[in-house]
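Asks: Whatever this is, show me its structure:
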Amino acid sequence: MNNYIDDVAKKKESLYRSEFLRYAVRAMYAGMYLTLGSAVAFIAANHFSGIDPVIGRAIYALLFPWGLVTIILLNGELATSNMMFLTNATYRKAIPTRSAVGILLVCTLFNLLGSMAIAFMLSRTTLFSNLEATHYMYNAIETKLAKPYGAMFFDGIIANILVNIAIIGSVRIKETSAKILFVVAIIFIFCYFGFEHVIANFGGFSLVMFTNPGVIDSFTFGNVIMHWLLVFVANYIGGGLIMGLGYAWLDSTKTNYLD
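Replies: Below is the predicted model:
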């Protein structure tokens with residue numbers, strides 16, 4: 001796995017340095033794909049919540065992962081998986097730290113721009129232009145903003161541990177159908193528990209912003225930015241330090257026990 005991560009990180013750095021626009025568009029696509037996964041999950045969850053809120057939550061958790069599946073299959077650039085790849089490769093000096101930081105920040109910015117672009121387009125569609133104030137999406141985002149900072153922080157750490165478990169598993173599994181099943185199963189856990197993922201929140205918050213932000217009293221610029229920053233740091237700890245640096249250290253062994 002070390003060689004694979006090195007090759008991926010070097011490929012990312014090469015594209016970032018030599019063809020910045022192509023790298024940026026790949027990052028925008030990742031934000032778009034994840035927001036589309038959030039959008040269909042919000043709509044379906046709202047329909048099923050009328051039967052039972054638990055069913056609505058389960059439907060959301062089953063549908064959201066398809067955004068990540070799309071990113072994996074179509075080679076989108078997702079900041080939260082890059083936290084793992086770049087930290088791991090930097091630890092073993094496959095790429096310089098300066099490049100890793102630059103790639104991660106640029107990727108995050110264009111994930112946001114992609115999320116906002118598709119959220120704006122969705123907000124102009126028939127379905128999203130007529131959402132009631134009690135819609136599942138508004139309740140979900142209001143719940144996120146109401147979390148204490150401590151809970152939000154640990155939710156963010158665990159979320160990106162799970163996301164990168166899914167990414168590492170998808171690398172190791174060769175059969176596409178098995179890869180998809182594994183990713184959906186792992187991301188189901190993160191979604192069902194309501195953990196915090198900064199790029200997913202880019203999409204969800206953007207959908208609220210472009211539809212009816214006044215529905216949520218706590219939906220203010222300051223609260224949104226604080227939420228994104230705190231979750232970004234927490235996601236980095238979970239994906240970058242625990243999973244990325246953790247596996248880099250584990251595979252620094254002189255024995256043949258390697259991933």
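Asks: What average pLDDT does stretch 174-187 get?
Replies: Averaged across stretch 174-187, pLDDT comes to 97.
Asks: Off-centre distance for that stretch?
Replies: Distance of stretch 174-187 from the chain centroid (Cα atoms, centre = their mean, to the nearest Å) equals 16 Å.
Asks: any idea of the mean pLDDT for stretch 72-91?
Replies: Taken as a whole, stretch 72-91 carries a mean pLDDT of 97.
Asks: in that stretch, what counts as buried?
Replies: 72, 76-91 (16 or more other Cβ atoms under 10 Å). C-beta coordinates here come from the backbone N, C-alpha and C atoms, glycine included.
Asks: again with stretch 95-112
Replies: Buried residues in stretch 95-112 (16+ other Cβ under 10 Å): 95, 99-100, 103-104, 106-108, 110-112.
Asks: C-alpha coordinates for stretch 154-174, CSV please?
Replies: Coordinates of each C-alpha in stretch 154-174 appear next as CSV, following Å, rounded to 0.1, in the frame of the first residue of the first chain:
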residue,chain,number,x,y,z
PHE,A,154,-15.2,14.4,18.1
ASP,A,155,-17.9,13.8,15.5
GLY,A,156,-15.5,15.2,12.9
ILE,A,157,-12.6,13.0,14.0
ILE,A,158,-14.6,9.8,13.8
ALA,A,159,-16.3,10.8,10.5
ASN,A,160,-13.0,11.0,8.7
ILE,A,161,-11.6,7.9,10.3
LEU,A,162,-14.6,6.1,8.7
VAL,A,163,-14.2,7.9,5.4
ASN,A,164,-10.6,6.9,5.1
ILE,A,165,-11.4,3.3,6.2
ALA,A,166,-13.7,3.3,3.2
ILE,A,167,-10.9,4.8,1.0
ILE,A,168,-8.2,2.4,2.1
GLY,A,169,-10.6,-0.5,1.7
SER,A,170,-11.5,0.6,-1.8
VAL,A,171,-7.8,0.6,-2.7
ARG,A,172,-7.3,-2.9,-1.4
ILE,A,173,-10.5,-4.4,-2.9
LYS,A,174,-10.1,-5.2,-6.6
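Asks: any residues touching it, and which ones?
Replies: 1, 4, 65, 68, 72, 80-81, 83-84, 147, 179, 182-183, 186-187, 189-190, 193-198, 230-240, 242-244, 247, 259 (Cβ atoms under 8 Å, 6 or more residues apart in numbering).
Asks: what residue lies at the spatial centre of the protein?
Replies: Centroid-nearest residue in the chain, with Cα atoms, centre = their mean: Ile199, separated by 4.3 Å.
Asks: quick one: pLDDT of that one?
Replies: 98.
Asks: Also the one 4 residues further on?
Replies: If you check Gly203, the pLDDT there is 97.
Asks: Look up the closest residue to it, ignoring the ones flanking it.
Replies: Residue nearest to Gly203 in three dimensions, not counting chain neighbours: Thr35, with 3.2 Å by Cβ to Cβ, 6 or more residues apart in numbering.
Asks: contacting residues for Met243?
Replies: Contacts of Met243 (Cβ under 8 Å, 6+ apart): 84, 160-161, 164-165, 168.
Asks: Just the residues contacting stretch 13-28, thanks.
Replies: 12, 75-79, 95, 99, 102-103, 106-107, 109-111, 113-114, 117.
Asks: hang on, the earlier thing: how close does the residue nearest to Gly203 sit to Met209?
Replies: Distance, Thr35 to Met209, by Cβ to Cβ, to the nearest Å: 12 Å.
Asks: Residues that sit against both of those two, list them.
Replies: In contact with both Thr35 and Met209: Ala119, using Cβ under 8 Å, 6+ apart.
Asks: More neighbours: those two, which one.
Replies: Thr35 (26 against 17; other Cβ atoms under 10 Å).
Asks: neighbours of Ala236, just the number please.
Replies: For residue 236 the amino acid is Tyr, not Ala. Around Tyr236 there are 22 residues (other Cβ under 10 Å).
Asks: so it sits right up against Asn82, yeah?
Replies: No. Counting by Cβ atoms under 8 Å, Tyr236 sits too far from Asn82 to count as a contact (10.1 Å).
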